[in-house]
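>>> Below: sequence and its predicted model.
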Amino acid sequence: MAKSTLQFVCQECGARHSKWAGRCATCGAWNSLVEEIPLSRDVALSAVKGKALKPTPVGTLSKSQRNARQMTGVPDVDTVLGGGFVSGSVNLIAGQPGIGKSTLLMQLAAELSKQYSVLYISGEESLEQVSLRAVRITPKQQKVLLASSTSSDDIAQTIMSGDYQVVIVDSIQTISCQSVSSAPGSISQITNSTYLLTQAAKQSNTTLILVGHVTKEGSIAGPKLLEHLVDVVLNLEGDRYGGFKVLRAVKNRYGSTSEVGIFDMKNEGLIAVTNPSAVLLAERQIADGSIVLAAMEGTRPILVEVQALVNRTSFGYPKRAASGFDLNRLNLLCAVLTRRTKLDLSEFDVYVNIVGGIRISEPAADLAVCMAIASAAKGMQLKDDAVVFGEVGLSGEVRHVPNIEKRIKEVKQLGFKTAIGPKSDVKSSILKPISSLKDALNSYLKS
């Protein structure tokens, strides 16, 4: 038998290389090549020692065998999950450092412990630190059990015991598998530890909640395989120093990914915001450069203030800056304004801010941003009872956006009298349809 040739497989993209390198030549990932011994097809088939599977027809499972929902007691989290955690599911919660992941999980653990046996395993903090947070957030007596470990083998054995219905691991980047020699947080450790814990949770029908770190680019740290292994991926977004925190599902095998939960960080933890629009507009001052946008966060309409500041540049190249809005999109809209409305911005710096720490990524914010920039540049104002939404094309046309009825309903509830948006089939007395960006600026901006 010929001697086997070693191969090095990239853990990010799966590309195979004949020799090790610090960087994958296919996807560019660093330190992602892992040594493997390739097996021929004949050798692999001859080594098969499994047994045939016994399939079960769809719909014949009894109710006791079907996955049941575990309500968290926090309505916004239940909405994002699609009705609560599913028994036996593996859930990953990620977010920036200090955003409130551990705080939110301690709140959920306290609520879940009222009906289920909950074990909170910390790999980052000591039991005294976790206990202090628990007392601060939930001062009432709770039944959450605490443990501290960084061994995935010990945690898997604990899960397999079946003594706990919900197990929380904070965080997966600090857990290591004894059979892998690399350091905790490496690609091989994260992959093997997650797989080991996932198999233990599935076999014992235990709900597993993992905490994941993120990189400086904002993506979840570790291999992309981590997101494929789990059932639900939740992202906690927002400004770590203030503003609202938004919980959204990036992946959900048991529900929709269009729902979001909006929270505000208080001393007693993350508190759900029932009416974020009223809170965001409470301190608004009527001035040039201020426009109210009817945006959508998942399936929830929300009114936010878009602020723009236009100032003559001190250098030869004008500056563009945005907070809560895509900078590339801002550069595109500035070009459309200059070309289609004859508003020359070549000698002016443009700054755009979405108030409240909310990040808007939907195209419906285009018209509000354009009108805010034009308002600040000309010193003109939009009347204080008007709300704006609509996508702006490169030709200056205002294009259709989804969920117009929900936006208008939210506008009416907060007492606004006018909604400026694209033409649609929605019949409403407050909707003022427009067809182009130039018409919107000429018709509704007043000095």
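It's in. Numbering: from 1, shown residues only.
>>> Residue ranges in this structure under the pLDDT threshold?
1-5, 37-50, 59, 61-67, 141, 217-218, 222-223 (pLDDT under 70).
>>> What is the longest helix of it by residue count?
For the chain, the helix that runs over the most residues, judged by DSSP state H, is helix 187-204.
>>> and Lys216, how far is that from Pro97?
To Pro97, Lys216 is 10 Å away according to CB to CB, to the nearest Å. The way it works is simple: take the backbone N, C-alpha and C, and place the C-beta from them, glycine included.
>>> Which stretches in the stretch 101-250 of the chain count as strands?
Listed in chain order, the strands of the stretch 101-250 of the chain (DSSP state E, counting those that start in this stretch) span 118-122, 145-148, 166-170, 207-212, 232-238, 244-252.
>>> would you turn the ones you listed into a markdown table with distance to Asp349?
Listed next are the strands of the stretch 101-250 of the chain as a markdown table, based on distance: least, CB to CB, whole Å:
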| stretch | distance to Asp349 |
| --- | --- |
| strand 118-122 | 47 |
| strand 145-148 | 51 |
| strand 166-170 | 43 |
| strand 207-212 | 38 |
| strand 232-238 | 27 |
| strand 244-252 | 28 |
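>>> any chance of the ones you listed in a markdown table, plus mean neighbour count and distance to Thr72?
Shown next, in a markdown table, are the strands of the stretch 101-250 of the chain (neighbours: other CB atoms under 10 Å; distance: least, CB to CB, whole Å):
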| stretch | mean neighbour count | distance to Thr72 |
| --- | --- | --- |
| strand 118-122 | 23 | 11 |
| strand 145-148 | 16 | 18 |
| strand 166-170 | 24 | 10 |
| strand 207-212 | 25 | 10 |
| strand 232-238 | 22 | 12 |
| strand 244-252 | 21 | 11 |
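>>> Could you count how many residues lie near Gln96?
Summarising burial for Gln96: neighbours were counted as other CB atoms under 10 Å, giving 17.
>>> Looks like it contacts Lys245 (just checking).
No - Gln96 sits out of contact with Lys245 when judged by CB atoms under 8 Å, with a separation of 10.1 Å.
>>> so what sits against both of those two?
Leu236, Glu237 (CB atoms under 8 Å, 6 or more residues apart in numbering).
>>> Am I right that Pro301 sits in a strand?
Yes - judged by DSSP: H, G, I helix; E, B strand; the rest coil, Pro301 forms part of a strand.
>>> Could you number the chain from 26 rather than 1 from now on?
Sure, I'll start counting at 26 from here, so that last one is Pro326.
>>> What degree of burial does it show, as a neighbour count?
Count around Pro326 with other CB under 10 Å applied: 22.
>>> before we move on, what about the one 5 residues further on?
Here the neighbour count serves as a burial measure; for Val331 (other CB under 10 Å) it reads 27.
>>> For it, give me its contacts.
Contacts of Val331 by CB under 8 Å, 6+ apart are Ser315, Ile316, Val317, Leu318, Val377, Asn378, Ile379, Val380, Ala390, Ala393, Val394, Ala397.
>>> Could I get the phi/psi values of the third one?
Right, Val317. For Val317, the backbone dihedrals are phi -90, psi 130 (criterion: degrees, to the nearest 10).
>>> Pull the contacting residues for Thr128.
Thr128 neighbours (CB under 8 Å, 6+ apart): Arg158, Ile162, Met290, Gly294, Leu295.
>>> How is this protein divided into domains?
Split into domains by automatic domain parsing, the chain comes to 32-67, 94-299, 303-471.
>>> Let me have the ones you listed in TSV, adding distance to Pro80 as columns.
Below are the domains of the chain laid out as TSV (distance: least, CB to CB, whole Å):
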stretch	distance to Pro80
domain 32-67	26
domain 94-299	18
domain 303-471	37
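>>> Thank you, goodbye.
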